[in-house]
Structures are given as structure tokens and as C-alpha cells.
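Student: Here's my sequence, what's the structure:
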Amino acid sequence: FVHCALSCECSGACAEMRILVVVSEFPKLTETFAYRNVVEYGRLGHDARIFHIKPFRKAEIVHGFINELLPRAFTFPFLGGRTLAALLAETLRRPGLMTRLVAQIAVAHRREPRRGLAVAALFPKAVALGRWCRTNGVQHIHAEFAGHPANAALIASRLAGTEFSFSAHANDIFVSQALLPEKARKAAFVRSISAYNIRWLTRLAGFPADKLRLIRCGVVRETLDAPAPNPPATDGLRILYVGSLIRKKGVAHLLDALALLPADMRWQARIVGGGDLAKALQTQAADLGLSEKVRFDGPQPAEIVAEAYRDSHVLVVPSIPGENGRVEGIPVVLMEAMAHGRAVVASNLSGIPELVEPGRTGWLTPPGDAPAIAAALGEIARNWDDAAAIAHAGRGRIADEYLIEENAAALAREMERSCR
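Tutor: Coordinates of the predicted model:
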């Protein structure tokens, strides 16, 4: 690997970097956007690796493009020979720094002891990661979430003597703010995926607003090439949901909305995803008399999901606030559906209105409001020409602001600027 000092131009930016991206789990369907960034870093000429905090997920469905990343992803055991050896070596090497890190973590989590114990559990692993980064010449560490990935990145960067940054999505900043301002102050920058998050973080006591950068998530450019849908035919409006089947996704409210659709309206619905509520939602659909019209497909790889978008007219994202402050950011499934030229109905939550504007790029409904979802679907079915025009405008919004190639490049440029 070329060292930063040899590859920096006069501007101080690094033309070539060795980047480490820290994620919670790998591979995981809901963290696919983070892996796509790593692919783009490679195409930009950087050497990027993935460190996942939790063990490798052997049973997870793997998207096709992730196969090329498998050799570049690794982790360490929470407790094992390597982590314990690193913990001992780094304690002997820099006892003062190690003591300060432990004290900082303890103080920041004094009101959240359970979360503090979780950080303590990953501490040896993060120390080993810092040692690995120093030994292997990593020039920038980027955590894809502001929670435990950023905790690990903070510890590793201090021990490696390298810059780090982290992304702020949704749950990772809303569930807990312990250590969040401290991480931001030490970070080279903090990437936010929405203006909503920037406003929220700016109001957080002690948070350095000057560190914030608005860099969206995105979808691959080739998605824009998908053909526009044909008007609803004899089988009616084809409705799609893609995502986890957990409470905060609000799928129960979508089923209630489907039961409210006019008796003379023709439609079919497809639900793609898995989760704790899968059986309960199937039972709910049966109780509502929807079994013949609602199809549950379970979790599917990206290629099958893309086919589902092409076979649909409208995607519904009926999210609601979850427990302990868990709220959606801007779901990537919305970006994918809009890039395919499909109409979207989504909840008015968090940063979603930045992408879905009523009457311009889609339909917004109050969270948990089944009648409002039903009304939006009915409007789309009755006025297909208008709905198609709005969907076309939504595709334009994706082309302008939500392409992974451009946004990953913007994130990489921020990392390059931090190179010393």
C-alpha cells in the first residue's frame, strides 16, 4: 500500500488511501448500502476493508455483489488470544491513553450501564483493531453507524494514531447519545444522511456542528435504466412492500389499509422481507380476508428484489416510531423504488420528506394512519397518468441527489481531506 505522504497532492488530499470501514454485522441485508460504498471506494482507487463487530453471518442471504467483498471483510473474537494479547501490549505501550479511554467510556455511560457494558465488551476487540490499523498502515477509519461501530472506530483510531469519521443514519443517534458528542469532537467529520439529522444533532449539547457533512445514501446509477411500469391491467394495482417484518416498519398498518380499499378496486400486494412478526402478519392478513391478494415472499437477494420493483406499480413504506427512540432515516428501498420509476407512499417521519414530497415525488401519510395509506393507494389507482408523472419526477430526484457512485465519491473526498 502506498503511504499517504507519498500519494498526497499539493492540496493535501490523498489520491490513494487505505480505508477501513467499520460496520455492525456482515453480511446483513439491512446494511447493504454500507457495503456498496466499499465497492465504490475500490473503484476510486482506494484499498478498502470491512471490519464487522459481530461474528460473520453465515446464514444471511448474500447479494451477488457482496461476493467480491468477502475476502476484504474480517473481525476478531471478543475475547481470544489475539484480542487479549493486543489488550496487554497496548496497555503496556500506552497506559495513560488506555486509562483515559476506559474512564471516558465509563463516564459517558454512567446513566446507561447496560450500554456501557456492551462498549466494555467490544473494548478488547477495538484495541486489537487499533493495533491492526497501525501495523497495516490504515490511513482512515470510517464507521458506518454512530453507535457501536463509531465506538470501536474511536478507540481504534486513538491507538492507531489515524483519523476517523462516522455516519449518522437514524437509530444510531436517536436511541442513545452516550459518548456521541465526544466521538464527534474527535472525528475528522461526521457524515449525516439527512438534513433532519443535521438539525437534530446541532441541537445536541456539546455536539460540534462544524463537523457535520450532508452526504446522502444512494442507489447504483444503472437502476435508473429500469423501464417505467405499464398502467394497471386486469389484475389491477400491484402494491409492494420491501423490508424487515418488525414493529417499527408498520406493516400491520399497511395490511389494515389494504382491507380498507374499495371493494371494486382491483389490486395485488407482495411483501418481501422477514422478521419477528412474519407469522403474526400472515395471520392478520388471513383474519382480514386478504390471503388471496397478499403474498408473503420472505427475505430475498437484491436480484429478486429488483424484479419485484419492476413488477410493481407502487411501493409502500408505512414506518412508525419504534421502541426506545428507533425511527427510520431515509430508507434505501424508497430510493430503489423511485429509481425504478415507481410511485411511493411513505410515512412522514425523520428525513423521509426530504425525498418524498407530496404531489411532487410521492405520497406522504401520517405514521400508523391506515385510512390515509388506503386513500393514497386509491388515488394512484384512479389517476394513473398523474401518478406516473409524479413517479417520473421521483426518478429525477434520485438522479440528482441519491446515486451511490456520486455520494460514495463525496464521502471518500472527505476522507482524503483528513489525510495528513
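Student: Now the top helix by length along the chain: buried residues?
Tutor: Selection of the longest helix in the chain by residue count, based on DSSP state H, yields helix 113-135. Neighbour-count burial for helix 113-135 flags 115-116, 119, 122-134 (criterion: 16 or more other C-beta atoms under 10 Å). Where C-beta positions appear, they are placed from N, C-alpha and C, glycine not excepted.
Student: Secondary structure element holding residue 415?
Tutor: Take DSSP states H and E as the rule and residue 415 turns out to sit in helix 404-418.
Student: who touches that helix?
Tutor: Here helix 404-418 makes contact (C-beta atoms under 8 Å, 6 or more residues apart in numbering) with 12-15, 17, 19, 33, 36-37, 40-41, 44, 46, 140, 142, 163, 165, 188-189, 191, 213, 215-221.
Student: let's go with 7 Å and repeat that
Tutor: Residues from elsewhere that reach helix 404-418 (C-beta atoms under 7 Å, 6 or more residues apart in numbering): 13-14, 17, 19, 36-37, 40-41, 44, 46, 140, 142, 163, 165, 188-189, 191, 213, 215-221.
Student: quick one: which of these sit in helices?
Tutor: Among the contacts of helix 404-418, the members found in helices (DSSP H) are 36, 37, 40, 41.
Student: Quick check: which of these has the minimum pLDDT.
Tutor: Lowest pLDDT within the ones in helices among the contacts of helix 404-418 is found at residue 36 (93).
Student: Setting the sequence-adjacent residues aside, check what's closest to that one.
Tutor: What sits nearest to residue 36 in space, not counting adjacent residues and going by C-beta to C-beta, 6 or more residues apart in numbering, is residue 404, at 5.2 Å.
Student: how close does that neighbour sit to residue 297?
Tutor: According to C-beta to C-beta, to the nearest Å, residue 404 stands 25 Å off from residue 297.
Student: more crowded one of the two?
Tutor: residue 404 (21 against 15; other C-beta atoms under 10 Å).
Student: Is it possible to get a markdown table of the ones in helices among the contacts of helix 404-418 that adds neighbour count and distance to residue 344?
Tutor: Converted to a markdown table, the ones in helices among the contacts of helix 404-418 look like this (neighbours: other C-beta atoms under 10 Å; distance: C-beta to C-beta, whole Å):
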| residue | neighbour count | distance to residue 344 |
| --- | --- | --- |
| 36 | 24 | 20 |
| 37 | 24 | 23 |
| 40 | 20 | 25 |
| 41 | 22 | 29 |
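Student: Would you mind putting the residues you listed into a markdown table with distance to residue 28 alongside?
Tutor: Formatted as a markdown table, these follow (distance: C-beta to C-beta, whole Å):
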| residue | distance to residue 28 |
| --- | --- |
| 36 | 13 |
| 37 | 14 |
| 40 | 19 |
| 41 | 19 |
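Student: Among those, which one lies nearest to residue 246?
Tutor: Nearest to residue 246 out of the ones in helices among the contacts of helix 404-418 is residue 36 (C-beta to C-beta; 22.7 Å).
Student: Give me the distance between that closest one and residue 104.
Tutor: In this view, residue 36 and residue 104 are 33 Å apart by C-beta to C-beta.
Student: Over to residue 55?
Tutor: The value you get for residue 55 to residue 104, if C-beta to C-beta is used, is 27 Å.
Student: now the strands for the stretch 1-150 of the chain?
Tutor: Assigned by DSSP state E, counting those that start in this stretch, the stretch 1-150 of the chain shows strands spanning 18-23, 47-52, 73-74, 140-143.
Student: Need the winner for burial among the ones you listed.
Tutor: Of these, the one with the most neighbours on average (mean count of other C-beta atoms under 10 Å) is strand 140-143, at a mean of 30.
Student: What strands flank it, and is each parallel or antiparallel?
Tutor: Using DSSP bridges, the strands paired with strand 140-143 are strand 18-23 (parallel), strand 163-168 (parallel).
Student: still on that earlier bit, ok, the ones in helices among the contacts of helix 404-418 vs residue 243, which is closest?
Tutor: Proximity of the ones in helices among the contacts of helix 404-418 to residue 243 was ranked by C-beta to C-beta; the top entry is residue 36 with 17.3 Å.
Student: which residue of this protein sits farthest from its center?
Tutor: residue 264 (38.7 Å; C-alpha atoms, centre = their mean).
Student: Next up, the contacts around residue 83.
Tutor: 76, 77, 124, 125, 128.
Student: Take the strands paired with strand 140-143 and lay them out in JSON lines including distance to residue 245.
Tutor: Shown next, in JSON lines, are the strands paired with strand 140-143 (distance: least, C-beta to C-beta, whole Å):
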{"stretch": "strand 18-23", "distance to residue 245": "22"}
{"stretch": "strand 163-168", "distance to residue 245": "25"}
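Student: possible to save the ones you listed as TSV with distance to residue 228 and mean pLDDT?
Tutor: Shown next, in TSV, are the strands paired with strand 140-143 (distance: least, C-beta to C-beta, whole Å; pLDDT from 0 to 100):
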stretch	distance to residue 228	mean pLDDT
strand 18-23	34	98
strand 163-168	32	98
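Student: Those: which one's closest to residue 383?
Tutor: That would be strand 163-168 among the strands paired with strand 140-143, by C-beta to C-beta, at 37.7 Å.
Student: And the next helix or strand after that closest one, what does it pack against?
Tutor: Next in sequence after strand 163-168, counting helices and strands by DSSP H and E, comes helix 171-174. Of the remaining helices and strands, none touches helix 171-174 by 3 or more C-beta pairs under 7 Å, 6 or more residues apart in numbering; DSSP states H and E.
Student: ok, and what's touching helix 171-174?
Tutor: Outside of helix 171-174, the residues within contact range by C-beta under 7 Å, 6+ apart are 145, 146, 147, 180, 197, 201, 325, 326, 327.
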